[in-house]
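Participant: Build me a model from this:
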Amino acid sequence: MPTYRRSVVPARAGAAQLPLVAIVGRPNVGKSTLFNRITRSRRSIVGDEPGITRDRIYGEYEWAGRRYRLVDMGGIVPDDPELIATEIFVQAKVALEEADVLVMVVDVRTELARPDYELVRLLQRGGKPLFLAVNKVETEALANEAENLRRLGISAVFPVSSEHGQGVGELLDAIAEAVPEKQGTREQGTKGAEDDAAQEADEVDEAIEDEIEEGGPLVAGEEPDHDQKKIRTHGEFEQRETSVAIIGRPNVGKSTLLNALTGTSRAIVSPIAGTTRDAVDEVVEFEGNTLRFVDTAGIRRKGKTKLMAEKMSVVMARRHLEAADVALLIIDATEGVSASDATIGGYAHESGRSVIIVVNKWDLVTTARTDGKPAADRDIFEQQVRKALKYLDYAPVIFLSALNALGPERKGMARVLHEVVSVAQERRKRVSTGQMNRFLERIDFQRAPVPMAKRIRIFYMTQAAVAPPTFVLFTDRDIKLHFAFERFLENQIRETFGFKGTPIWFKVRARGAEKRS
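Facilitator: Down below sits the predicted model:
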């Protein structure tokens with residue numbers, strides 16, 4: 001059976017032993033901005049709309065030679081009867097129980113209200129170190145105003161500006177003094193790794209900003225430039241874990257599947273489409289393999305995204321997909337395969353992700369069907385899926401009901417984990433040049449349905465990279481492979497070597513082309 005351990009982003013050895021600092025507060029006071037400032041990332045989506053953050057978002061930071069975990073959560077409004085607010089409160093209580101230190105964030109420009117006092121009483125019950133971060137203090141006058149907020153009953157008050165970084169250092173110093181140093185929390189030589197991580201985060205942030213500002217493809221259907229695809233070499237896959245992105249349209253059961261796979265209530269689940277905004281990730285240990293599942297926001301058409309938070313969540317979903325090894329494409333069995341499903345599957349295919357198709361809510365069209373129609377046939381439904389997603393003919397299809405994971409669907413969850421491990425191994429498989437050349441000798445290319453003008457002669461071929469498997473063909477002509485020839489060669493490779501669940505890329509090199517150029 002799989003075992004679950006709490007996720008930390010980024011994953012590091014010994015992260016579970018790090019002290020955890022929880023950022024809490026009412027909606028729209030700047031918690032996510034403070035989280036991003038401390039972790040030097042943009043892990044949490046930030047905007048002017050209240051209630052953007054809903055799930056728990058974990059990160060990690062280093063201060064004065066010690067490492068800490070940090071958790072951001074949705075804005076807490078005690079006793080709010082709304083469904084989403086109630087679920088946010090449930091998620092927040094989990095984080096508060098885990099935390100070693102609590103940081104309550106308030107907005108200096110907003111008058112205190114009854115929920116603020118109720119939240120303080122709730123936080124003080126645990127007896128944990130509690131700090132008040134008065135946010136958006138950017139002038140001397142506002143700093144004086146921050147002192148008036150001591151009436152909340154919290155003695156440790158720190159005026160800060162999350163956006164500009166003012167006062168954050170003093171807050172982190174106080175946190176460090178309040179937390180006893182645990183064995184393993186002090187890491188030597190982390191400066192270089194931190195700088196590399198910060199540089200990588202900045203590059204991703206700039207790309208996201210450019211995509212939004214330029215009106216780029218939030219849910220683009222354009223074909224990517226294959227010449228710009230990143231080819232990963234064999235040495236890049238000495239990694240400890242496999243990243244799995246759970247993708248699909250809104251409200252198809254992605255968060256429910258994450259909770260079912262991890263055996264927790266990690267992600268907020270509701271019948272309201274678009275509940276998930278920030279990507280939520282959790283780690284599962286399964287048969288000696290470390291699998292990091294990332295629940296992404298539902299991807300919808302550009303015209304359907306109105307709020308900036310929705311636009312950002314779609315962009316982040318695309319980014320997390322492109323950073324994953326395997327994608328679980330979730331399809332709602334009650335609705336069948338839609339054009340949006342095909343588009344989202346195309347993103348995974350074109351970006352070189354391995355794909356597993358998961359048909360969710362299968363019980364609603366079989367055993368739990370209530371509309372009087374006969375139960376759906378699995379083979380016929382799979383044929384319909386294959387027809388709509390022809391380019392994903394290499395992807396295995398799994399039928400399950402994530403909502404009933406603890407019942408008869410427990411085997412379905414185990415199959416998902418088995419398939420993820422299997423597909424990840426196929427993705428990193430390497431075929432030697434000798435094997436490929438012996439393979440070429442056995443293939444009758446005259447059977448390929450290709451016009452004579454588009455035929456080429458392959459002298460030899462080699463696998464240049466993995467993840468996805470990329471083969472370089474050394475030919476007599478420097479032309480793009482005809483679609484039919486590429487499909488024929490791909491099918492022959494799959495029949496001989498497997499590569500289940502992963503796309504295969506080809507590059508053509510004309511022999512002697514470099515000398516002629």
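Participant: can you map out the helices along the stretch 1-150 of the chain?
Facilitator: Assigned helices in the stretch 1-150 of the chain, in chain order: 31-39, 83-98, 114-124, 140-147 (criterion: DSSP state H, counting those that start in this stretch).
Participant: ditto for the chain
Facilitator: 31-39, 83-98, 114-124, 140-147, 168-178, 191-213, 254-262, 308-323, 339-350, 378-388, 410-427, 433-442, 483-497, 513-516 (DSSP state H).
Participant: could you redo those as JSON lines and give each row mean neighbour count?
Facilitator: (Glycine included, C-beta is placed from N, CA and C.) Formatted as JSON lines, these follow (neighbours: other CB atoms under 10 Å):
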{"stretch": "helix 31-39", "mean neighbour count": "25"}
{"stretch": "helix 83-98", "mean neighbour count": "17"}
{"stretch": "helix 114-124", "mean neighbour count": "16"}
{"stretch": "helix 140-147", "mean neighbour count": "13"}
{"stretch": "helix 168-178", "mean neighbour count": "16"}
{"stretch": "helix 191-213", "mean neighbour count": "13"}
{"stretch": "helix 254-262", "mean neighbour count": "26"}
{"stretch": "helix 308-323", "mean neighbour count": "21"}
{"stretch": "helix 339-350", "mean neighbour count": "20"}
{"stretch": "helix 378-388", "mean neighbour count": "14"}
{"stretch": "helix 410-427", "mean neighbour count": "19"}
{"stretch": "helix 433-442", "mean neighbour count": "12"}
{"stretch": "helix 483-497", "mean neighbour count": "16"}
{"stretch": "helix 513-516", "mean neighbour count": "8"}
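Participant: By mean pLDDT, show me the worst of those.
Facilitator: Averaging pLDDT over each of the helices of the chain singles out helix 191-213 as the lowest, with a mean of 45.
Participant: any chance you could map the strands in the stretch 1-150 of the chain?
Facilitator: Per DSSP state E, counting those that start in this stretch, the stretch 1-150 of the chain has strands spanning 3-5, 20-25, 57-63, 66-72, 101-107, 130-135. These are given in chain order.
Participant: right, and those strands - which one's nearest residue 382?
Facilitator: Across the strands of the stretch 1-150 of the chain, the minimum distance to residue 382, taken as CB to CB, is reached by strand 3-5, at 30.2 Å.
Participant: Which residues are in contact with the residue lying closest to residue 96 once chain neighbours are set aside?
Facilitator: By the measure of CB to CB, 6 or more residues apart in numbering, the closest residue to residue 96 outside its immediate chain neighbours is residue 22, 5.9 Å from it. Neighbour list for residue 22: 70-71, 73, 95-96, 98-99, 101-103 [criterion: CB atoms under 8 Å, 6 or more residues apart in numbering].
Participant: ok, now with 7 Å
Facilitator: The contact partners of residue 22, taken as CB atoms under 7 Å, 6 or more residues apart in numbering, are 71, 95-96, 99, 102-103.
Participant: Residue 30 too?
Facilitator: 105, 107, 135-136, 162 are the contacts of residue 30 under CB under 7 Å, 6+ apart.
Participant: which one among these gets closest to residue 347?
Facilitator: Of all the contacts of residue 30, the one with the least separation from residue 347 (CB to CB) is residue 162, at 32.8 Å.
Participant: and the closest residue to residue 369 other than its chain neighbours, what is it in contact with?
Facilitator: In space, not counting the residues next to it along the chain, residue 369 is nearest to residue 375; the distance is 6.0 Å by CB to CB, 6+ apart. With CB under 7 Å, 6+ apart as the criterion, the residues that contact residue 375 are 365-366, 369.
Participant: Any chance of TSV for the helices of the stretch 1-150 of the chain, columns distance to residue 60?
Facilitator: As requested, the helices of the stretch 1-150 of the chain are exported to TSV (distance: least, CB to CB, whole Å):
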stretch	distance to residue 60
helix 31-39	7
helix 83-98	14
helix 114-124	23
helix 140-147	28
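Participant: for stretch 328-343, how far is the first residue from the last?
Facilitator: With CA to CA, to the nearest Å applied, stretch 328-343 spans 14 Å between its terminal residues.
Participant: what does it contact?
Facilitator: The set of residues external to stretch 328-343 that reach it, using CB under 7 Å, 6+ apart, is 219, 221, 244, 246-249, 252-254, 257, 300-301, 344-345, 348, 355-362, 364-365, 384-385, 388-389.
Participant: Looking at the strands of the stretch 1-150 of the chain, which is nearest to residue 181?
Facilitator: For the strands of the stretch 1-150 of the chain, proximity to residue 181 was assessed by CB to CB; strand 66-72 is nearest, at 6.5 Å.
Participant: Any idea what residue 135 is bridged to?
Facilitator: residue 107 (DSSP bridges).
Participant: so it makes contact with residue 107?
Facilitator: Yes - between residue 135 and residue 107 there is a contact under CB atoms under 7 Å: 5.7 Å.
Participant: what's the spacing between stretch 325-335 and its chain's center?
Facilitator: Remark: stretch 325-335 is offset 15 Å from the chain centroid, using CA atoms, centre = their mean, to the nearest Å.
Participant: ok, and for that stretch, which residues are buried?
Facilitator: Taking 16 or more other CB atoms under 10 Å as the basis for neighbour counts, the residues of stretch 325-335 that come out buried are 325-333.
Participant: Identify those among those residues that sit within strands.
Facilitator: The strands in this structure, assigned by DSSP state E, contain 326-332 from those.
Participant: ok, of these, which one's closest to residue 422?
Facilitator: When those are compared for distance to residue 422 (CB to CB), residue 326 comes out closest, at 10.0 Å.
Participant: and stretch 127-142, C-alpha only, in PDB?
Facilitator: Output for stretch 127-142, consisting of C-alpha atoms alone and laid out as PDB, is shown next (Å, rounded to 0.1, in the frame of the first residue of the first chain):
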ATOM      1  CA  GLY A 127      -0.100  28.300  23.300                       C
ATOM      2  CA  LYS A 128       2.300  28.600  20.400                       C
ATOM      3  CA  PRO A 129       4.500  31.600  19.700                       C
ATOM      4  CA  LEU A 130       2.300  34.200  18.000                       C
ATOM      5  CA  PHE A 131       3.400  37.300  16.100                       C
ATOM      6  CA  LEU A 132       1.300  40.100  14.500                       C
ATOM      7  CA  ALA A 133       2.600  41.300  11.100                       C
ATOM      8  CA  VAL A 134       0.900  44.600  10.300                       C
ATOM      9  CA  ASN A 135       1.100  44.700   6.600                       C
ATOM     10  CA  LYS A 136       1.200  47.500   4.000                       C
ATOM     11  CA  VAL A 137       3.100  49.800   6.400                       C
ATOM     12  CA  GLU A 138       5.000  52.000   3.900                       C
ATOM     13  CA  THR A 139       5.100  55.400   5.600                       C
ATOM     14  CA  GLU A 140       6.000  56.700   9.100                       C
ATOM     15  CA  ALA A 141       2.400  57.700   9.700                       C
ATOM     16  CA  LEU A 142       1.200  54.100   9.000                       C
END
